[in-house]
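Colleague: sequence and predicted model, in that order:
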Amino acid sequence: MASTPADSSEPWYARSIVELTSALTTDPERGLTAAVATARLARDGPNVVTRTDARSLLALFLDQFRSAMVLMLVAAGIAGFATGDTLEGIAILVVIALNASIGFATEWRAARALSALRELAEPMARVHRDGEEMRIAAQSLVVGDLIVLNAGDGVPADARIVSAMQLAVAEAALTGESLSVPKSVNVLPAEVIALGDRRNMVFHGTVVTSGRGSAIVTSIGDATEIGRIGTLIDTVPDRATPLEGKLTQLNRVLMIAVLALCGLIVVAGVLRGVALRHMIEVGVSLAIAAVPEGLLAVTTMTLAIGMQRMARRHALVRRLPAVEALGATTVICSDKTGTLTRNEMTVRSMQLGGRRIDVTGTGYVLAGGLVERGVPLLPDAIRADPSLTLILRIGALCNDAVLKRSESETIVLGDPTDAALTVLAEKCDLTRESLHREFPRLREIPFDSDSKRMITVHRGPQGALVLFAKGAPAVMLSASASVHDDGIVSPLSDSARKVWLQHNDAMAKDALRVLGLAYKNLATDIDESALTPAALSSLAQGLTFVGLIGMIDPLRDGVVDVMATCRTAGIRVIMITGDQLVTATEIARQLHIDVRADGSRRRTVHARELTALDAGGWEAIVRETAVFARVSPEDKLQIVQALQRNGDVVAMTGDGVNDAPALKAADIGIAMGLRGTDVAKDAADVVSTDDNFVTIVGAVEQGRVLVNNIVRFIHYLFSCNFGELLVVFIPMMLGWPLPLGVLEILWLNMLTDVLPAMALALEASEPDVMRRPPRSPSAPLLSRNLTALIGAQGLMLAVCTLIAFRVGGFWYGFTGEGLLHAETVAFMTLAMAQLVHAFNVRSRTETAFSAQLFTNGWLWGAVVVCALLQILTVTVPALRRVLESTALTRQDCLLITACTLAPLVLVELAKTAFRVGARVSQASAGGLKES
Ligand code: ATP
């Protein structure tokens, strides 16, 4: 188990960094070597906190015997032994054991699927090893590792801080303190200090809310503070989903109805002179057959398997209820950069005074260069050009991206916007390393979506301090007082400002993402220690504007097609972006999300229009808008809430720390797995592991398929079970002998309740699932129409079975061996008809004989296996003895086949009538419209 190799009792917070690094034999700048890390991992084990909540397999198995029904069946089995009916007693006990095993297997599968998903959501950590920064699985962290902490990261282990820049951490998970705690490197006194006051330590399970820093891991796994409490915050809480709630309720109603009906059957049987014990057995077995005990387990399993399917398609569902909500989504609010676009920025052009310079090449490869009025600019010319060198320098230095190039690939650590600027400088022979050597960085304010700018302070070659800034053009222009042009600085007049804004608009209209760059020479006598963040912010005024840089970010593959899918599926897409309105509008145009089906335009709105809105104003604006530009994270929250007040089911994407409230408020919060912060991922219901809009729509489709599948297997189970009830109830009321024995009823229950029902729950996507409007999440699981359909189909199965029974009775008589024969015919007919009925249930309107007939291999497998098992009941003498069935003649087989296929024919006829009716009403509606 992970432990801290401390040889001194002095707490970590009371030791200096030198003492700490020598105790843990590590380096505060280069971290551990890979070899030491591997050895420590082997010695201490992985950095995982033991989960204490996993249910034991035995408890899961014993749970299967908890239901009152099973206990009654146990009693019936015991009664069988007591009265000397040993064979029946054994058979009932075997049925109970089988039932329990199936229930157990289903629940176990669901639990395993859920825990597999938990493992997929495995957190990552940034560490320095051998002096190189890298991302590794948080599990592989060892004591002594140097971890990097950025705003939005989850803290992956307990660690002592060695550098901190405005580092603040939310420790509510550990201490209950809701405010973020500022952190520093200062050594604390060697006395007992409460967790919340250990300002130079960070703890596993907490999250960095702002700033950045680095820390050395002091404990991992169960040795961490949260490990010691043993309450790791569960990333996938197993709470009941609304669907499960609805199912439980449905189960309850069904249970009461079934018990009442079974009671009636028992009373009617006794009144007709059947032995009470036999009637009780019939009643209990009918109740067991009719109440689908496995409903909840199969539902959970369906959802869990669906979640695995989604995970394979890059959508990690963290909470079960999200699956249902996904299917009901009516609006998707999506970020632009990285979700709709690829987030692979390439600088395309620059504006320097009146000069427009184009940049060639794509992606992060170094091929390409600068071109001015069709003439390539060579490195020497660039070096001699003061405007160009300045803008390239600002872009490369006011920048946090690191590009790691190898022969086969280029890995970008950091923001792609910054990476594009680094590549631009490299294309002009300016490397990040040489620039940093010339202008070492002293201070910085990282980019954030609220301020929309980044600031750094550097010491220049002559020792002077200089401030570099880059950000949204409007922000930078309003912070500038002068302008640099070809080495000359002049005041920035209002008219010049306007011209710059026109240049910006022209670039944005080409769908370019535009950045303004500026600098300021600071006073030489400025005291470095006085450069606090607040001081830096006020220093970043009166800047000298240098120029604009525009970069393209191509649309993701497939995203245009997927927008069309959304339209047919009744899902509205709203683009919410921090980028400028002009750029966003152009991208919305390319995606066709700015037009309604009737050709009218949807609005594009700048955040400044949102400032004075009241609740009604918000509700109105979200109804008609396709693009919200320059929004802040708070605006996002307002948009979600207004949409929800309008009755929409909202899926919202987000990645930043400040997106968490909107992600939580949305019906489905979707965090971006690649560029998203841990805070956003923690707040989200779904994590998109490829940050792709296409994935989100795929997940919506899967959500729809899953809920449809659940409804489908309920349809199947209920119609079969109702049929079984009627097969006993109708003869009882008509005074006929009973067509099914106790064990036959239980056998049928196992045959249909398990394999075919599960296979129906595994249906893949239906071709028209995204051509229908979303279902309302408040709609009952079983609509009135479906309930009527279940009733009618149950009756149909019963009638076909009873016809077979009567004909059998007519052939062989209703007494002794003849009755046994007729019963066997009924038993076979009902079993086979139920298996064939599974194909009826696949679609309520489309014929079973469509192109989809062979798309569900599971169903075919289930039906074939069950049919073979059923045939064994009349061919294997031992089974015949237990189930009290007889061998069948050719004539019986023909009768059974006819009565088995009759429901299929009847349902096909009904579906054809429905389709013709729908077409006629569509045509007449069309005719009316035309006239
Ligand atoms: P979305 O919200 O859809 O992801 P976005 O990425 O364009 O869109 P932000 O990241 O908030 O939104 O960026 C807003 C603006 O800030 C951009 O249009 C750009 O001008 C500027 N900007 C973006 N990234 C940086 C950066 N790393 N440094 C400086 N300015 C930036």
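Modeller: Okay, I see it.

Colleague: once you drop chain neighbours, what's closest to the residue in the chain positioned nearest to the ligand?
Modeller: With Cβ to the nearest ligand atom as the measure, Gly578 is the residue of the chain nearest to the ligand, at 2.3 Å. Backbone N, C-alpha and C define where each C-beta goes, glycine included. Leaving aside its sequence neighbours, Gly578 sits nearest to Ser449 (Cβ to Cβ, 6 or more residues apart in numbering; 4.7 Å).

Colleague: for Gly306, same thing?
Modeller: Gly306's closest residue in space is Leu706 (Cβ to Cβ, 6+ apart), at 4.1 Å.

Colleague: cool, Asn251 as well?
Modeller: Per Cβ to Cβ, 6+ apart, closest to Asn251 is Leu295, 5.9 Å.

Colleague: can you get me a residue count around that neighbour?
Modeller: 22 (other Cβ atoms under 10 Å).

Colleague: by neighbour count, which bits of stretch 180-192 are buried? Give me those.
Modeller: Neighbour-count burial for stretch 180-192, with 16 or more other Cβ atoms under 10 Å as criterion, is recorded at 180-181, 183, 185, 188.

Colleague: so which of those reach the ligand?
Modeller: Among those, not one lies near the ligand by Cβ under 6 Å from any ligand atom.

Colleague: nearest to Gly273 among those residues?
Modeller: Of all the buried residues of stretch 180-192, Ser180 has the smallest distance to Gly273: 78.9 Å, by Cβ to Cβ.

Colleague: who's in contact with the closest one?
Modeller: When contacts are counted by Cβ atoms under 8 Å, 6 or more residues apart in numbering, Ser180 touches 168-170, 209-210.

Colleague: again, only using 10 Å
Modeller: By Cβ atoms under 10 Å, 6 or more residues apart in numbering, the residues touching Ser180 are 167-172, 206-211.

Colleague: would you mind naming the helix or strand containing Leu726?
Modeller: Assignment of secondary structure by DSSP states H and E places Leu726 within helix 693-734.

Colleague: hmm, that helix in reach of the ligand?
Modeller: No: applying Cβ under 6 Å from any ligand atom, one finds that helix 693-734 is not in contact with the ligand, the shortest distance being 11.1 Å.

Colleague: quick one: mean pLDDT for that helix?
Modeller: Summarised as a single mean, pLDDT over helix 693-734 is 89.

Colleague: tell me how far that helix is from the chain's mean position?
Modeller: Offset of helix 693-734 from its chain centre (Cα atoms, centre = their mean, to the nearest Å): 25 Å.

Colleague: is Ala496 in a helix, a strand, or coil?
Modeller: Recorded secondary structure, Ala496: helix (DSSP: H, G, I helix; E, B strand; the rest coil).

Colleague: my read: it touches Leu477, true?
Modeller: Yes: look at Ala496 against Leu477 with Cβ atoms under 10 Å: they come within range, at 9.4 Å.

Colleague: who's in contact with the residue nearest to Gly578?
Modeller: 472, 577-578, 630-633, 655-659.

Colleague: how about Val694?
Modeller: Val694 touches 313-314, 339-340, 556-559, 561-563, 565, 688, counting by Cβ under 10 Å, 6+ apart.

Colleague: residues in contact with Arg342?
Modeller: Arg342 sits next to 363, 416, 552-557, 559, 691-692 when contact means Cβ under 10 Å, 6+ apart.

Colleague: switch the cut-off to 7 Å
Modeller: Listed by Cβ atoms under 7 Å, 6 or more residues apart in numbering, the contact partners of Arg342 are 553-554, 556.

Colleague: buried ones among the contacts of Val694?
Modeller: Buried among the contacts of Val694 (16+ other Cβ under 10 Å): 313-314, 339-340, 556, 559, 562-563, 565, 688.

Colleague: near the ligand, which residues of the stretch 351-500 of the chain?
Modeller: 415, 417-418, 447, 449, 452-454, 470-472.

Colleague: now the residues you listed as a markdown table including secondary structure, distance to Met124 and pLDDT?
Modeller: Converted to a markdown table, these look like this (DSSP: H, G, I helix; E, B strand; the rest coil; distance: Cβ to Cβ, whole Å; pLDDT from 0 to 100):
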| residue | secondary structure | distance to Met124 | pLDDT |
| --- | --- | --- | --- |
| Asp415 | coil | 17 | 85 |
| Thr417 | helix | 22 | 93 |
| Asp418 | helix | 20 | 94 |
| Phe447 | strand | 22 | 87 |
| Ser449 | coil | 22 | 80 |
| Lys452 | coil | 28 | 91 |
| Arg453 | strand | 28 | 93 |
| Met454 | strand | 24 | 94 |
| Lys470 | strand | 28 | 97 |
| Gly471 | strand | 29 | 96 |
| Ala472 | coil | 30 | 95 |
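
Colleague: what about Val217, how many residues nearby?
Modeller: 31.

Colleague: pull the contacting residues for it.
Modeller: The neighbours of Val217, taking Cβ under 7 Å, 6+ apart as the test, are 141-145, 147, 157, 159.

Colleague: in the helix or strand harbouring it, what's buried?
Modeller: Element membership for Val217, per DSSP H and E: strand 207-219. The neighbour-count check on strand 207-219 (16+ other Cβ under 10 Å) flags 207-219 as buried.

Colleague: count the residues that sit near Gly676.
Modeller: When neighbours are counted by other Cβ under 10 Å, Gly676 comes out with 26.

Colleague: can you put the contacts of Arg342 in a markdown table and add pLDDT and secondary structure?
Modeller: A markdown table is the format used below for the contacts of Arg342 (pLDDT from 0 to 100; DSSP: H, G, I helix; E, B strand; the rest coil):
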| residue | pLDDT | secondary structure |
| --- | --- | --- |
| Asp553 | 89 | coil |
| Pro554 | 88 | coil |
| Arg556 | 89 | coil |
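
Colleague: before we move on, back to that, which of the contacts of Ser180 sit farthest apart?
Modeller: Ala172 and Gly211, at 17.6 Å, using Cβ to Cβ across these.

Colleague: contacts for whatever helix or strand Ala588 lives in next, please.
Modeller: Here Ala588, judged by DSSP H and E, is contained in helix 581-591. Residues from elsewhere that reach helix 581-591, judged by Cβ under 7 Å, 6+ apart: 336, 340, 505, 508-509, 511-513, 555, 559-560, 563, 575, 577, 594, 604, 606, 626-627, 629-630.

Colleague: same deal with stretch 702-720?
Modeller: Under Cβ under 7 Å, 6+ apart, the answer for stretch 702-720 is 243, 292, 298-299, 302-303, 306, 309-310, 323-324, 326-327, 752-753, 756-757, 760-761, 763, 765-766, 769, 775, 781-782, 786, 790, 793-794, 797, 834, 837-838, 841.

Colleague: what number of residues lie near the nearest residue to Arg319 once chain neighbours are set aside?
Modeller: Excluding the flanking residues, the one nearest Arg319 by Cβ to Cβ, 6+ apart is Asp685, at 4.9 Å. Residues lying near Asp685 (other Cβ under 10 Å) number 24.

Colleague: look at Asp685 and report its pLDDT.
Modeller: 86.

Colleague: next one: the residue nearest the centre of the chain from Ala671, what distance?
Modeller: Geometric centre of the chain, nearest residue: Val686, 2.4 Å, by Cα atoms, centre = their mean. Note on Val686: its distance to Ala671, by Cβ to Cβ, to the nearest Å, is 7 Å.

Colleague: now do Asp197
Modeller: 31 Å.

Colleague: go on, Val402?
Modeller: Distance of Val402 to Ala671, given as Cβ to Cβ: 24 Å.

Colleague: the two - which one has more neighbours?
Modeller: Between Val402 and Ala671, counted using other Cβ under 10 Å, the more crowded position is Ala671 (29 against 14).
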